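> how would this look folded up:
(one chain, ligands or ions: 2)
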Amino acid sequence: MNLQGLHSIQNHPNKYSIRFKNESGKKVVGYFCSYTPEELIFAANALPFRIFGTRGNINLADIHLQAYCCSPVRNALEDALSGNLNFLDGVVFPHSCDSMQRLSDIWRLNVLMHFHIDVVLPVKLNTESAREYMIGVLNQFKHNLEKNLGVVISEDSLRQAISVYNQIRKSIKMIYDMRHANPALLTGSDFYSIVKSSMIMDRNALAGLLREITADLESNKKIQDTIPLKRIVLTGAMCEHPEIYRIIEDGGGVVVWDDLCTGYRYFEGELDSTGDPISSIAERYLTRIVCPAKHTGLSTRAENLIDIVKSKSADGVVFLIQKFCDPHSFDYPYLKNQLDNDGIPNTLIEMEGQAFVGERLKTRFDAFLEML
Ligand code: SF4
Ligand code: SF4
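Ligands and ions are numbered 1, 2, ... in the order given. The predicted structure follows:
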């Protein structure tokens, strides 16, 4: 497998997982949100598969959803109702935002092909009772997985899962670090394929592949950009549009870091591999930077974003917000205000389906990059 293989996985995730399932005989468990305790799915000898949904037209999902529903939810439901996710053995729904919770209800009643588990993690994460409650929820999730997959998740298998996930997160962090120091090492499109495939492909194979990629990048360190590029940080929920990286690069910019749910927020933080495994998983969720569907303090997200901008020597921030995404839309005015107060240029791009990618988007990015 090489970078070309990762492009193929990110473009055709369902196809990859069906083939993986047929060849390995393993079960595949779908999930949506970075608050899904994936290590437990992996320890149950199943493949955790992040559901991104269709990139095609929406027909069937619209019968069940209001017009004001974000496209990740719409795309996922369309894929499920079309039968494209029938290869999944189960689906996990973390109760994070309202849209995800309603999707769980609709899915339970209308998509009958696989088992269905809700994971109701606490919202406020900076209290002792949140820790206790989180550990209880994780133990319940472990029990539900064992029952539905017909396996026992031993402490050893969970430690092994933690070790594999730590290797993956460490390698991805190295790739982020190398690329922010030297953007010429890897195109945005290659980078996006690594990040997205890491949520889909066999994690054992991924851990090995990432080691090879980081070693290759390390040996190419001398390659340098000749023209100075405008350094951009992306922030928001999910980015399902690799084109954005190319558009920014065509305009003379480069994405040097992100605060995305399908980006660094997903990989951030290694787990303690020595203590109780469930407590280690809980600890990561309690200490990792939150998405706006969770809470650890009134200014945590702004402080984190400003720290990213300063530590990565970024020139500006692009908010990528899905249309009708309540958590991120409510978060935006306060974040923008804090960036403005610190003199950090920023712009908002509202995304909806595939339709928003095109000349208008290019013009928006070009105008922002010129301003920096
Ligand atoms: S932005 Fe937050 S709530 Fe939404 S999918 Fe990502 S982690 Fe989950
Ligand atoms: S966090 Fe926003 S984009 Fe993600 S599922 Fe919820 S409403 Fe949709």
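
> of all of the stretch 101-250 of the chain, which residue lies closest to ligand 1?
Of all residues in the stretch 101-250 of the chain, Ala237 sits closest to ligand 1, at 4.0 Å by Cβ to the nearest ligand atom. Just so you know, the C-beta spots here come from the backbone N, C-alpha and C atoms, and that holds for glycine as well.

> does that residue really touch Gly263, like I thought?
No - judged on Cβ atoms under 8 Å, Ala237 makes no contact with Gly263 at a distance of 10.0 Å.

> look up how far Val29 lies from Gly136.
In this structure, Gly136 and Val29 are 21 Å apart, going by Cβ to Cβ, to the nearest Å.

> how about Gly208?
With distances taken as Cβ to Cβ, Gly208 is found 22 Å from Val29.

> looking at the two, which is more packed in?
Val29 (26 against 14; other Cβ atoms under 10 Å).

> look up phi and psi at the more buried one.
Per-residue torsions, Val29: phi -120, psi 120 (degrees, to the nearest 10).

> which residues are in contact with it?
When contacts are counted by Cβ atoms under 8 Å, 6 or more residues apart in numbering, Val29 touches 41, 44, 46-49, 88-92, 145, 149.

> next: Gly208.
Neighbour list for Gly208: empty [criterion: Cβ under 8 Å, 6+ apart].

> any idea how far the helix or strand harbouring it is from the chain center?
Counting by DSSP states H and E, the element that carries Gly208 is helix 203-219. Centroid separation for helix 203-219 versus its chain: 19 Å, with Cα atoms, centre = their mean, to the nearest Å.

> want to throw the contacts of Val29 into JSON lines with distance to Leu271, secondary structure and pLDDT?
Shown next, in JSON lines, are these (distance: Cβ to Cβ, whole Å; DSSP: H, G, I helix; E, B strand; the rest coil; pLDDT from 0 to 100):
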{"residue": "Ile41", "distance to Leu271": "15", "secondary structure": "helix", "pLDDT": "98"}
{"residue": "Ala44", "distance to Leu271": "17", "secondary structure": "coil", "pLDDT": "98"}
{"residue": "Ala46", "distance to Leu271": "19", "secondary structure": "strand", "pLDDT": "98"}
{"residue": "Leu47", "distance to Leu271": "19", "secondary structure": "strand", "pLDDT": "98"}
{"residue": "Pro48", "distance to Leu271": "15", "secondary structure": "strand", "pLDDT": "98"}
{"residue": "Phe49", "distance to Leu271": "21", "secondary structure": "strand", "pLDDT": "98"}
{"residue": "Leu88", "distance to Leu271": "26", "secondary structure": "coil", "pLDDT": "97"}
{"residue": "Asp89", "distance to Leu271": "25", "secondary structure": "coil", "pLDDT": "97"}
{"residue": "Gly90", "distance to Leu271": "23", "secondary structure": "strand", "pLDDT": "97"}
{"residue": "Val91", "distance to Leu271": "24", "secondary structure": "strand", "pLDDT": "97"}
{"residue": "Val92", "distance to Leu271": "19", "secondary structure": "strand", "pLDDT": "97"}
{"residue": "Leu145", "distance to Leu271": "18", "secondary structure": "helix", "pLDDT": "98"}
{"residue": "Leu149", "distance to Leu271": "22", "secondary structure": "helix", "pLDDT": "97"}
